[in-house]
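Enquirer: show me how the following folds:
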Amino acid sequence: MNYKTDQSIIDLDKYYFDEKAADSAVRYIEGNIRHVKGELAGKLLKLEEWQKNEIIRPLFGWKKRQDGTRKFSSAYVEVPKKSGKSFLAASMAAIFLDIDKEGGSEIVGVAWGRKQASLVFDATKEVIKKSPRLNKKCQVYRNTIQAPDHIGGTKKYHILSKEAGAEDGLNPQLAVIDELHEHKNSNVVEMVEKSMAARKQPLSFIITTAGSDLYGIGHQRHQYAIDVVKGIYEDDNLLVCIYGADKDDDPFSEETWKKVNPNYGVSVYKEAYEREAAKAKGSSASLNSFKRYYLNIWTQSADGWISDVVWKESSKYKNKWTHRNDIEDELHKLGLADYPCYGGLDLSSRSDITAFTLLWNIDGQFYSLNWFWLPEEKGSMSADTKNIQYREWVDKGYITETDGNVVDYDFVIHKIKELSEIYQIKSIAYDPYNSHHIVPKLDEIGAELVEFRQGFLSMNAPSKELEAAIMSKRFEHFGNPVLRWMAGNAEVATDPAGNIKIIKDRNRPEKKVDGIISNIMAYGLAIDPAEKGSYLEEGELFII
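Expert: As a prediction, the model looks like this:
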């Protein structure tokens, strides 16, 4: 999964390569930047070939024929842990502080949290202390670094994080955006990048490892960078350098380790990989961490339930639908109205997502149809601040908005009654928590209503059985994007007896799993009690 900008296909009618400028940037780093830690501390840095030829030389060497300014205004660098990325970012900051000729140049270090933003900033401070040239030229303060520019003004380097909020007058020449995968939304990054518009040749320098949120800005930028390299999107201004493992690579093979970390044997050694690999073999959580930090593989959650690859492969309908209604049209073609189905209703709280599932079990093949409701005000707020694609999902019919700031349960009841006239709903499972006001109205449908509590005993069997169905491609979810997002958010909790249930990350309230819960409840009704007798007898189900 190594993706890099192919410099051999750059349009030479529009761009040219300035060897002198490219060599100057490399020579500056290797002549002024010194190691600050370890056995090499105090010695001049020698750039590796991949750092020179895939990042530094192209960034400073490729220029536009029309005005001689730099071709690349943004760079996306994604490498595993211990690849020297913070030091490379500090070197970039030093270049812009010292020799980049733009009057009043401003450099910002950007990260989600102030502590992360300080890492590259503090590394730059140490670089300055070790360099006679930089130490003489720069004034280092607690929160800023200043240096004179070439026209008698002042350059400034400071950090910016989510805690800072909006900053009036921000006008950076260089933005060093560290660990993009940790950003919970796009606000800070987009604010900084938009503020660079007045600069003649700015650079947004993103340097990160893989993360665990397939719907955040980190993975969005990751996928966009790959699509640019593949030629799906045209973006002459973006330089891409991504090192990582492919899904078929053996995570425990040294050949894989060499492939994914361009600094293998330089700043990270075989022993470190062996030590982390040993942890990964004994723990699913450690395996996910090993994949992200050492193999640079994006995972769907820290202790995930189902991998995104497995989830997608469970459905034959990949990226087919332009609108949610197309799925129901397909159901009619399949003739599912002629078969009994089972419902699962997860009410959550009235200010959040409510999910309803209908599930068919036809000769061991399961078909899942899902509806989601969200208060209009909640959806608008989330779409603006959490970088979740609520607005697109509403527009395509996957989520129904109800007026106000709470879900209008009359919408939910009306829809379920409407569905009961189309499909043969035998029974509906629901969580009794917060449901006393809606259950009497559902009783009019005629389907059997089944209390389905959220404890380990009730959730264990259907959760495991549903997982098995997904793994064996017997669970057709019709490529529903909301359900896919929720599957990626789902994590597994285990009790001392080995029973499991699906949970969400309590530290990330925006990551919902309601649709997975409603599917598990519907699945619990759909599996044959004759074969799973102990499940219904020992679980926490009550028919009313």
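
Enquirer: distance-wise, check residue 52 relative to residue 59.
Expert: Distance of residue 52 to residue 59, computed by C-beta to C-beta, to the nearest Å: 11 Å. Placement of C-beta: from N, CA and C, glycine included.

Enquirer: ditto for residue 22
Expert: 8 Å.

Enquirer: check which helix or strand the residue of the chain most remote from its centre maps to.
Expert: Within the chain, residue 152 marks the point farthest from the mean C-alpha position, 43.3 Å out by C-alpha atoms, centre = their mean. Secondary structure assignment for residue 152, by DSSP states H and E: no helix or strand.

Enquirer: that one and residue 309: what is the separation?
Expert: Look at residue 152 and residue 309: by C-beta to C-beta, they are 57 Å apart.

Enquirer: for residue 484, same thing?
Expert: Residue 484 is 11 Å from residue 309, where distance means C-beta to C-beta.

Enquirer: who's more crowded, those two?
Expert: Neighbour totals were compared for residue 484 and residue 309, and residue 484 leads with 20 against 10 (other C-beta atoms under 10 Å).

Enquirer: doesn't the more buried one fall inside a strand?
Expert: No - counting by DSSP: H, G, I helix; E, B strand; the rest coil, residue 484 is not part of a strand but helix.

Enquirer: out of everything not next to it in sequence, what's closest to it?
Expert: Distances taken as C-beta to C-beta, 6 or more residues apart in numbering put residue 311 closest to residue 484, at 6.0 Å, once the chain neighbours are dropped.

Enquirer: then that neighbour would be within a helix, right?
Expert: Yes - using three-state DSSP, the assignment for residue 311 is a helix.

Enquirer: who are the neighbours in contact with it?
Expert: 470, 477, 484, 487-488 (C-beta atoms under 8 Å, 6 or more residues apart in numbering).

Enquirer: neighbour-wise, which one of the residues you listed leads?
Expert: The most crowded member of the contacts of residue 311, judged by other C-beta under 10 Å, is residue 487 (28 neighbours).

Enquirer: now do the contacts for the residue farthest from the centre of the chain.
Expert: So residue 152 contacts nothing (C-beta under 8 Å, 6+ apart).

Enquirer: likewise the one 5 residues further on?
Expert: By C-beta under 8 Å, 6+ apart, residue 157 lies in contact with 93, 96-97, 106-109, 121, 124, 144-146.

Enquirer: could you redo the last one with a cut-off of 7 Å?
Expert: 93, 97, 107, 124, 144-145 (C-beta atoms under 7 Å, 6 or more residues apart in numbering).

Enquirer: walk me through the domains of this protein.
Expert: The chain breaks down into these domains under automatic domain parsing: 3-242, 254-295, 308-543.

Enquirer: which one of the ones you listed has the lowest average pLDDT?
Expert: Among those, domain 308-543 carries the lowest mean pLDDT, at a mean of 81.

Enquirer: dump the domains of the chain to CSV, plus distance to residue 248.
Expert: Formatted as CSV, the domains of the chain follow (distance: least, C-beta to C-beta, whole Å):
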stretch, distance to residue 248
domain 3-242, 16
domain 254-295, 10
domain 308-543, 11
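
Enquirer: please name the bridge partners of the residue lying closest to residue 336 once chain neighbours are set aside.
Expert: Excluding the flanking residues, the one nearest residue 336 by C-beta to C-beta, 6+ apart is residue 360, at 5.3 Å. Using DSSP bridges, the beta-bridge partners of residue 360 come out as residue 367.

Enquirer: what is the neighbour count of residue 360?
Expert: Around residue 360 there are 22 other residues, counting by other C-beta under 10 Å.

Enquirer: try residue 150
Expert: Residue 150 has 12 neighbouring residues, counting by other C-beta under 10 Å.

Enquirer: please report how far the nearest residue to it once chain neighbours are set aside lies from residue 47.
Expert: Nearest-residue entry for residue 150: residue 101, 5.2 Å, with adjacent residues in sequence omitted and distances by C-beta to C-beta, 6+ apart. According to C-beta to C-beta, residue 101 stands 22 Å off from residue 47.

Enquirer: one more: residue 438?
Expert: Distance, residue 438 to residue 47, by C-beta to C-beta: 64 Å.

Enquirer: ranges for the strands of the stretch 351-500 of the chain?
Expert: With DSSP state E, counting those that start in this stretch as the criterion, the stretch 351-500 of the chain has strands at 354-362, 365-375, 400-402, 424-430, 448-452, 475-476, 491-494, 500-503.

Enquirer: mind putting the ones you listed into TSV with distance to residue 348?
Expert: Converted to TSV, the strands of the stretch 351-500 of the chain look like this (distance: least, C-beta to C-beta, whole Å):
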stretch	distance to residue 348
strand 354-362	6
strand 365-375	10
strand 400-402	13
strand 424-430	12
strand 448-452	14
strand 475-476	22
strand 491-494	17
strand 500-503	13
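
Enquirer: out of those, nearest to residue 518?
Expert: Of all the strands of the stretch 351-500 of the chain, it is strand 354-362 that lies closest to residue 518, at 4.1 Å by C-beta to C-beta.

Enquirer: same for that closest one, what does it pack against?
Expert: Using 3 or more C-beta pairs under 7 Å, 6 or more residues apart in numbering; DSSP states H and E, the elements in contact with strand 354-362 are strand 340-346, strand 365-375, helix 409-420, helix 514-526.

Enquirer: reformat these as CSV; add mean neighbour count and distance to residue 391.
Expert: What follows is these, written out as CSV (neighbours: other C-beta atoms under 10 Å; distance: least, C-beta to C-beta, whole Å):
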stretch, mean neighbour count, distance to residue 391
strand 340-346, 26, 22
strand 365-375, 23, 11
helix 409-420, 16, 19
helix 514-526, 28, 18
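
Enquirer: relative to residue 170, which of those is closest?
Expert: Across the helices and strands packed on strand 354-362, closest to residue 170 is strand 365-375 (C-beta to C-beta), at 33.7 Å.

Enquirer: tell me what the closest one is packed against?
Expert: Against strand 365-375 (3+ C-beta pairs under 7 Å, 6+ apart) you get strand 354-362, strand 400-402, helix 409-420, strand 475-476, helix 514-526.

Enquirer: can you tell me what sits against that strand?
Expert: Contacts of strand 365-375 (C-beta under 7 Å, 6+ apart): 327, 331, 336, 351, 353-360, 390, 398-402, 404-407, 411-412, 415, 469, 474-477, 480, 482-483, 515, 519, 526.

Enquirer: now the buried members of those residues.
Expert: 327, 331, 336, 353-360, 390, 398-402, 407, 411-412, 469, 474-477, 480, 482-483, 515, 519, 526 (16 or more other C-beta atoms under 10 Å).

Enquirer: follow-up on the earlier one: with distance to residue 36 added, can I get the helices and strands packed on strand 354-362 in a markdown table?
Expert: Formatted as a markdown table, those follow (distance: least, C-beta to C-beta, whole Å):
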| stretch | distance to residue 36 |
| --- | --- |
| strand 340-346 | 52 |
| strand 365-375 | 50 |
| helix 409-420 | 59 |
| helix 514-526 | 47 |
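
Enquirer: quick one: closest of the ones you listed to residue 241.
Expert: For the helices and strands packed on strand 354-362, proximity to residue 241 was assessed by C-beta to C-beta; helix 514-526 is nearest, at 35.8 Å.

Enquirer: and the residue nearest to residue 484, how far from residue 12?
Expert: Relative to residue 12, residue 311 is positioned 44 Å away (criterion: C-beta to C-beta).

Enquirer: same check on residue 204?
Expert: Counting by C-beta to C-beta, the gap from residue 204 to residue 12 is 25 Å.

Enquirer: so these two - more neighbours on which side?
Expert: Per other C-beta under 10 Å, whichever of residue 204 and residue 12 has more neighbours is residue 204, with 21 against 9.

Enquirer: that one: helix or strand, and which one exactly?
Expert: Residue 204 is part of strand 203-208, with elements assigned from DSSP H and E.

Enquirer: CA atoms of that strand as PDB?
Expert: Taking Å, rounded to 0.1, in the frame of the first residue of the first chain, the C-alpha atoms of strand 203-208 are listed here in PDB:
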ATOM      1  CA  LEU A 203       2.600  24.900   2.100                       C
ATOM      2  CA  SER A 204       0.200  22.700   4.200                       C
ATOM      3  CA  PHE A 205       2.500  19.900   5.400                       C
ATOM      4  CA  ILE A 206       0.500  17.000   6.800                       C
ATOM      5  CA  ILE A 207       2.500  14.300   8.500                       C
ATOM      6  CA  THR A 208       0.700  11.500  10.300                       C
END
